[in-house]
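Visitor: this one's structure only:
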């Protein structure tokens with residue numbers, strides 16, 4: 001996390017509870033200012049922006065948010081319009097829906113809206129994203145990869161993300177879609193990058209100081225490759241299984257925290 005960042009990220013593994021206690025979405029509202037939050041729903045990832053946007057408007061209204069804007073940006077021309085920039089500048093929270101993370105970056109990357117999002121995050125607002133909206137948070141994002149294969153170089157495709165969180169790659173729907181192999185592949189190709197796999201109905205809230213806390217009903221898997229003693233990632237063929245030794249893995253349920261700067265997990269009772 002950069003020293004200048006004042007904002008908070010809420011990174012959601014997808015399929016968050018929308019009908020019960022809505023713990024994760026309630027946390028987004030709380031961090032964005034509660035009933036006084038000015039929330040913007042970004043639907044760039046989905047091919048059904050109107051329907052998805054209205055679904056989330058209804059949920060957030062149920063959570064007593066009074067000011068909700070839906071930005072159905074469908075072109076880069078729209079993403080450079082000043083009226084959208086002003087809406088983001090006036091917000092206290094931004095929420096990215098699920099869909100396709102490449103739609104987010106290809107529509108918004110390098111535009112006035114993208115710049116406004118970066119500045120708003122530095123200034124201190126909350127930026128949340130679920131599923132594809134979660135993957136797009138990092139500098140480099142996973143866009144495609146087999147979930148039923150052993151870790152291999154050709155099972156994974158990656159692309160630049162929004163760059164809101166550095167030295168991290170995020171995968172979502174993690175346990176439910178068996179994605180440990182592709183997260184291991186991502187870390188093997190750059191062991192300095194921390195892999196974070198987030199299960200459905202689970203989220204991490206990442207504070208400006210680099211600490212995140214786990215919320216929701218499932219778990220978060222953290223894969224740290226800095227202590228890898230051997231890997232064949234550089235010399236293996238694209239279809240050859242990867243070798244990894246001495247890799248570190250943490251599984252964290254709700255209440256546990258993780259220090260991204262020191263790369264250590266913290267139990268709920270830890271100071």
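Guide: Yes, it's here. Everything numeric here is computed off the predicted structure, so don't read it as measured data.
Visitor: quick one, strands of the stretch 51-200 of the chain?
Guide: 67-71, 93-96, 126-130, 140-145, 156-160, 168-172, 194-198 (DSSP state E, counting those that start in this stretch).
Visitor: partners of the last one, with directions?
Guide: The reference is to strand 194-198. Applying DSSP bridges, strand 194-198 is found paired with strand 168-172 (parallel), strand 219-224 (antiparallel).
Visitor: which stretch among those comes nearest residue 86?
Guide: Among the strands paired with strand 194-198, strand 168-172 comes nearest to residue 86, with 29.2 Å by Cβ to Cβ. For every residue, glycine as well, the C-beta is placed using N, CA and C.
Visitor: any weak-confidence spans in the stretch 101-250 of the chain?
Guide: Counting by pLDDT under 70, the stretch 101-250 of the chain contains low-confidence ranges at 153-155.
Visitor: Buried residues in stretch 64-78, which are they?
Guide: For stretch 64-78, burial by neighbour count (16 or more other Cβ atoms under 10 Å) applies to 65, 67, 68, 69, 70, 71, 73, 76, 78.
Visitor: Of these, which pair is most distant in space?
Guide: For the buried residues of stretch 64-78, the farthest-apart pair by Cβ to Cβ is 65 and 76; their separation is 28.7 Å.
Visitor: Turn the strands paired with strand 194-198 into a markdown table, including mean neighbour count and distance to residue 37.
Guide: Output for the strands paired with strand 194-198, formatted as a markdown table (neighbours: other Cβ atoms under 10 Å; distance: least, Cβ to Cβ, whole Å):
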| stretch | mean neighbour count | distance to residue 37 |
| --- | --- | --- |
| strand 168-172 | 26 | 24 |
| strand 219-224 | 22 | 25 |
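Visitor: and those strands as JSON lines, adding distance to residue 210?
Guide: Below are the strands paired with strand 194-198 laid out as JSON lines (distance: least, Cβ to Cβ, whole Å):
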{"stretch": "strand 168-172", "distance to residue 210": "10"}
{"stretch": "strand 219-224", "distance to residue 210": "13"}
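Visitor: before we move on, the earlier item: closest one to residue 82 among the strands of the stretch 51-200 of the chain?
Guide: For those, the distance to residue 82 is smallest for strand 67-71, at 13.1 Å, taking Cβ to Cβ.
Visitor: Show me what that closest one is packed up against.
Guide: Here strand 67-71 touches strand 38-42, helix 49-62, helix 82-89, going by 3 or more Cβ pairs under 8 Å, 6 or more residues apart in numbering; DSSP states H and E.
Visitor: Tell me what angle the last one forms with strand 38-42.
Guide: The reference is to helix 82-89. 130 degrees (axes from the mean of the first three to the mean of the last three Cα atoms, to 10 degrees).
Visitor: Buried residues, helix 82-89. List them.
Guide: 84, 85, 87, 88.
Visitor: Report the separation between the most far-flung residue of the chain relative to its centre and residue 145.
Guide: Computed with Cα atoms, centre = their mean, the residue of the chain farthest from its C-alpha average is residue 235, at 30.9 Å. According to Cβ to Cβ, to the nearest Å, residue 235 and residue 145 sit 21 Å apart.
Visitor: Would you list the phi and psi of the nearest residue to residue 98 once chain neighbours are set aside?
Guide: Spatial nearest neighbour of residue 98, chain neighbours left out: residue 131 (3.1 Å); criterion: Cβ to Cβ, 6 or more residues apart in numbering. Here is the backbone geometry of residue 131 (degrees, to the nearest 10): phi 60, psi -110.
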